[in-house]
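Undergrad: my questions are about this predicted structure, shown below with the sequence.
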Amino acid sequence: MAHGENAAGFEEHHGTGRYVAVWVALCVLTVATFLTSRLALGPPWHLLVAMAIAGGKATLVALFFMHLWDQPGANRLVFVTSLAFVALLIGLTVLDNATRFPLTNPPHEQTLRFQPPGEEPHVQEGERGQGRPGAIGRPAAEH
Amino acid sequence: MPEATTPAIEPPLAHHFVSMRQQTEAARLGMWLFLVSEVLLFTGLFTAYAVYRFLYPTVFEEASRKGVELWAGTTNTFVLITSSLTVALGYHFAKEGRGKLAAALLAVSLALGFVFLGIKAIEYTNHFHEGQLPGKFYHFAEVQGPGASMFFTLYFIMTGLHGAHVVVGMTVLAIMAVRAWREEFGPVHFAPIELAGLYWHLVDLIWIFLYPLLYLI
């Protein structure tokens, strides 16, 4: 708690060198994420590598540009708590989609052909505006 | 124009705070709570992106490869990172009582904000010409199939909301530049410029995630 306070009761004031160092690191990481995206990494890895680099950059910005490194617990706690909710929201929503029976997800190419017996074709949320004007509202007529 | 290094304007301490320090801490905590609400607002969009990307992985990659301009996104990333640096330096010098230098640095940040918006405007113009618009207005021939227009719908909503934040952030920075120029900030009174900086850094933070998701993968 006490770290980052000086005798006057206010936070310690750092030099400008730290900001410039962070900026250099952010530029290097940006180049790194650009270069790794040009490599043909496998499907999960290109996403994971890019997100890991973005996470590193975000950490640098939050800790040093936004001064969380120097600050007492409360502000850090607020931010870290929000990250937990970010993880819950994205994680659980994707998990929900990943564990569904495939046909209950919005249409993929092949599921467009399936029709429940005795029902009118209806538009599902996910297939609206999929770029083929003829397909809207008439998924069964595609093929 | 006063030339003093001490703040020419008395730091305003509200009567319900014991000290400037307490007031600054309260303001900072309040700003963080607001920033967290912003994070969660964008998280809603990131969640939508995650779901649609999960459902249409190949078409999303194709759209990201063929539909957006990589040079623009990469340049804008460097522009925003650099503007974050100048904002952080502006805060640093404002706290040291060097208001004119702080104002100049904030003006540089503002200029970089305009560069960002300019590049974004070029991109948007291209998207309009290529027909990469949301919903039924989508007629981009190179990427078709289910989910193709969803990518661009999300692209427009996410970069659009981010762009709106850039505009708000630039307005706040402009106000802070004027106040710094008038030597309103110093070692004791610096909360406004710090909070303005926090907002701008958050805008940068969000772009750091938008860039790989929309342009790189």
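TA: That came through fine.

Undergrad: can you tell me if the worst-scoring helix or strand of chain B on mean pLDDT touches chain A.
TA: Taking mean pLDDT, DSSP states H and E as the measure, helix B:57-66 is the helix or strand of chain B with the lowest mean score, a mean of 85. Yes. Judged by CB under 8 Å from any CB of the partner chain, helix B:57-66 and chain A are in contact via residue B:57. Just so you know, the C-beta spots here come from the backbone N, C-alpha and C atoms, and that holds for glycine as well.

Undergrad: okay, buried residues for that helix please.
TA: B:59, B:60, B:61, B:62, B:63, B:64 (16 or more other CB atoms under 10 Å in any protein chain shown).

Undergrad: and stretch A:83-102, by the same measure?
TA: Residues of stretch A:83-102 classed as buried by neighbour count (16+ other CB under 10 Å): A:86, A:89, A:90, A:93, A:97.

Undergrad: could you pick out which of the residues you listed are near chain B?
TA: Intersecting the buried residues of stretch A:83-102 with the surroundings of chain B, defined as CB under 8 Å from any CB, gives A:86, A:89, A:90, A:93, A:97.

Undergrad: list the contacts of the fourth one.
TA: Read that as residue A:93. For residue A:93, the contact set (CB atoms under 8 Å, 6 or more residues apart in numbering or on different chains) comprises B:47, B:50, B:51.

Undergrad: out of these, who has the most neighbours?
TA: Each of the contacts of residue A:93 was scored for neighbours by other CB atoms under 10 Å in any protein chain shown, and residue B:51 scores highest at 21 neighbours.

Undergrad: which stretches of chain A form helices?
TA: In chain A, helices defined by DSSP state H lie at A:17-38, A:43-60, A:73-98, listed in chain order.

Undergrad: element containing residue B:31, please.
TA: Residue B:31 is located in helix B:20-55, with elements delineated by DSSP states H and E.

Undergrad: that helix near chain A at all?
TA: Yes. For a cut-off given as CB under 8 Å from any CB, helix B:20-55 has contacts with chain A, namely B:21, B:25, B:28-29, B:32-33, B:35-36, B:39-40, B:43-44, B:46-47, B:50-52, B:54-55.

Undergrad: burial count for residue A:38?
TA: Counted by other CB under 10 Å, the residues lying close to residue A:38 total 10.

Undergrad: what does residue A:61 give?
TA: Residue A:61 sits with 21 neighbouring residues when counted by other CB under 10 Å.

Undergrad: isn't it right up against residue B:205?
TA: Yes. Contact criterion CB atoms under 8 Å: residue A:61 and residue B:205 qualify, at 5.2 Å.

Undergrad: residues contacting residue 57?
TA: Answering for chain A, as no chain was given. Residue A:57 makes contact with A:26, A:29, A:30, A:33, B:208, according to CB under 8 Å, 6+ apart.

Undergrad: could you do chain B instead?
TA: For residue B:57, the set of contacting residues under the criterion of CB under 8 Å, 6+ apart consists of residue A:43.
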